[in-house]
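S.K.: What follows is a protein structure lacking sequence information:
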């Protein structure tokens, strides 16, 4: 077992995937942001109006998926065929869950795109709300599922921050 | 108390900071990535050679700080005067801590730049190691300290993932 | 009267503004997108739900303002201090007006940033609705107002597409 | 008939095109910029020298086509196989027409790339000439033609600004 | 024999490669940076520690390969399947050689990506060392090898700066 | 004498320039590209028509100056106040010289911006002409002059490739 991101001189490289197959691939990632009860209440209220923190976070997440290869040095630049972002509110935990689903039909997996989308969406929620709550914490960003490609399927139980 | 990122029509905007002072500002953010013991051992061993996962992660973090305003929709684009990233290894917890310090002398704080730097560094560690460990989890990304500007100082005890 | 964007060899350059003053500057631009009555009805209906075409267009406009100097070759890269985008619906004309206001305290005006924001917002409306209406037309993008800096104030009556 | 850019929660997403065919696609867009007679005369004169406003505008348009997916939030990032931009001068109308042709062999159409190229070229003409004419107006940006893909062909008579 | 990068109006365009084959392509480029003996000694010493000028240069080179189409106006934006960068030290010549290898399976060659990677790596070495040596010179950046595609193979003897 | 781009842990960082003065700074860089006689003749002939290789190269150089901090990892992102690029033809040497002048009034020098502009312009010339001449070589990219800031003035005789 070895890191694939290093060449034979021991330096980082972008792994050569020329011989991999174009195939349907999907990755699902999740992450959480915990805040004060009042902050969450304000987000949910704004949402009833035009001002919607989550709408901005979602656009940020989708755009970040497309910019992943400019953020993560050894990540391949590939055309994505779809990006979707969903939110779930855990009222009693003062927490919002962000879940992204990214697809491609290219030669490498899109785990990094899915994780980057979740990260950017969480950071945007932080940015939009930081004037009222600088203490928000982003938690448990992880890959939940992945399919397609030679390394096969990966699936895990979602990790909830309050259970760990 | 209200969100500043919304205009009087209730739509998101980039807050007008024209009347704010140019002043020395700093933000410190931290985040963690937990992995299998074997993965951490491999990272530390590679580090003794030329191949250094953390060196790549650190470059990614510094570049992400400069790209923050392209990732976070309502974030101001400002010249940064410094970005530094440090790592701490918690061997027994199979965890690496990433800490970023970002400075500017411009009109707005750099909390988002510090948080984005930490996020990108954690994501890059994930990317470099995912061939051996897809189950890594990014944890407790938060602002630790902030100084300068009208909203004044913010400082909190670092949140360690295993204490929460 | 001559173009300032050319050097003494007759080639384009980025004008040297080193000796200009840092001062408060603002630019306001407008543009319009005309569509079928049904398309506008769908946009307004979606807006009552979570799916809001205009929310996405507005984020696109704000981000485009920050990316203007990467789009417009001779445009200076400067920190913006604020970006705001508003929409007005002209029901009987099946038209949406986009108006952007951009501010800076730097050495050059922000006309291009305001115009780029309007353009990107109009293009995004087109993108979101093109599956139902490929015939939408973007109209009368122009500078409405500008203040600050040596070239002084500029102000004009808004040009409505149906009056011209 | 419904917007495709929204998921079943009613939030915007990047439409999943994984099952679409790789096929030859083309889009042609046009737009216009109207100016004072003197401004147009200066552009045409400069063109005889090395300083050529339209050469810069054209480069801007081609680069914008490649950056479209970073400007338009729900737009797919795909490899383009060709971008061409042409200009037509309407002397008596003090107007320049910009026409772009974009091609791909990927899974989605390139209407947005063609429209973005036209927009960026028009904005660049504005930028290069604004020192002498701040009142220029960008007009009638629209899709003229599109072929390839499931939604089939689209073709319309070009809309001239002075006929509407 | 004519330039392919111009359309029939004599203006630059992005060449239409729609009819080219997806095929395995590779390009290898090299470049050199010459410095004072003391600067090279410092680089090699730092390398024994964590601070590694070449590690940063290499990340810069790999990222630049992915950004090539945003730097070089008429260059196609294509997914790369691999990027590798190697260094060779010529102690007695006070020179570091940078060699990049870039691969794709798309419709156009990756010469520009390989050359851009070498350029960015050399520039980064300059940046990291300029505080001690502003007189460094970047030399003989050239294509060494190219294979795949209709234009066939290209191969040349490496040009060493001190032999020319 | 030590590298400033490393922190006290020996890792690369973006140097903190918070305490430096805003002051007028300028940097001038040069570089050369050598080609076959026939290639140079074609470039000069095209220039008499609308198709002008150097016009595209110049736009590329100016845009690269603005993108420098995204290419060079430890380089500060600062507003530039001016970028100019000039060409000189050495007919008998089959060589084009590119010279860039970059200015800022910010806290750090713009050597990297000047060098990046020259590099991108040379690469663009290569790209535009590679269909007829893959053997072009980019030579002697170096800083020629720098003024402003604490490190003071730097000035050197231009290095001509055929004299070294």
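M.R.: Sure, I can see it. As the structure is a computational prediction, the values presented were derived from the model and not from experiment.

S.K.: the helices in chain A, which residues?
M.R.: A:37-48, A:53-71, A:111-129 (DSSP state H).

S.K.: Going by mean pLDDT, which of those helices comes out lowest?
M.R.: For the helices of chain A, mean pLDDT drops lowest on helix A:37-48, to a mean of 89.

S.K.: What are the buried residues along that helix?
M.R.: Buried residues in helix A:37-48, counted by 16 or more other Cβ atoms under 10 Å in any protein chain shown: A:39-40, A:42-43, A:46-47. Heads up, the C-betas are built off the backbone N, CA and C, glycines and all.

S.K.: and the nearest residue to residue A:134 once chain neighbours are set aside, what is it in contact with?
M.R.: Closest residue in space to residue A:134, ignoring its immediate chain neighbours: residue B:154 at 5.1 Å, by Cβ to Cβ, 6 or more residues apart in numbering or on different chains. With contact set as Cβ atoms under 8 Å, 6 or more residues apart in numbering or on different chains, residue B:154 has these partners: A:134, B:143, B:145-147.

S.K.: could these go into CSV alongside neighbour count and pLDDT?
M.R.: Listed next are the contacts of residue B:154 as CSV, based on neighbours: other Cβ atoms under 10 Å in any protein chain shown; pLDDT from 0 to 100:
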residue, neighbour count, pLDDT
A:134, 16, 96
B:143, 24, 98
B:145, 17, 98
B:146, 24, 97
B:147, 16, 97
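
S.K.: who in chain A is up against chain F?
M.R.: residue A:70 (Cβ under 8 Å from any Cβ of the partner chain).

S.K.: Would you pull up the residue in chain A closest to chain F?
M.R.: In chain A, the residue that lies nearest chain F is residue A:70 (7.9 Å; Cβ to the nearest Cβ).

S.K.: ok, which residues in chain A are in contact with chain E?
M.R.: So chain A meets chain E at A:7, A:9, A:11-18, A:20, A:69-70, A:73-74, A:76-79, A:106-107 (Cβ under 8 Å from any Cβ).

S.K.: Mind giving me the PyMOL command for buried ones among the residues you listed?
M.R.: In PyMOL, this line selects whichever of the residues of chain A next to chain E come out buried by 16+ other Cβ under 10 Å:
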select buried, chain A and resi 7+11+12+13+14+15+16+17+18+20+69+70+73+74+76+77+78+79+106+107
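
S.K.: re earlier: out of the helices of chain A, which is closest to residue E:33?
M.R.: helix A:53-71 (24.8 Å; Cβ to Cβ).

S.K.: Now do the closest one and helix F:53-71, the angle between them.
M.R.: Helix A:53-71 and helix F:53-71 are oriented at 110 degrees to each other (axes from the mean of the first three to the mean of the last three Cα atoms, to 10 degrees).

S.K.: Helix A:53-71 near chain B anywhere?
M.R.: Yes. Residues of helix A:53-71 contacting chain B under Cβ under 8 Å from any Cβ: A:53, A:55-56, A:59-60, A:63-64, A:67, A:70-71.

S.K.: Among these, which pair sits farthest apart?
M.R.: Counting by Cβ to Cβ, the most remote pair of the residues of helix A:53-71 next to chain B is A:53 and A:70, 25.2 Å apart.

S.K.: out of the residues of chain A next to chain E, who's near chain D?
M.R.: residue A:79.

S.K.: among the residues of chain A next to chain E, which are in strands?
M.R.: Cross-referencing these against strands under DSSP state E gives no overlap.

S.K.: Hmm, residue A:24 and residue A:110 touching each other?
M.R.: No. Using Cβ atoms under 8 Å, residue A:110 is not in contact with residue A:24; the gap is 10.9 Å.

S.K.: the more surrounded of these two?
M.R.: Ranked by neighbour count (other Cβ atoms under 10 Å in any protein chain shown), residue A:110 and residue A:24 place residue A:110 first, with 32 against 14.
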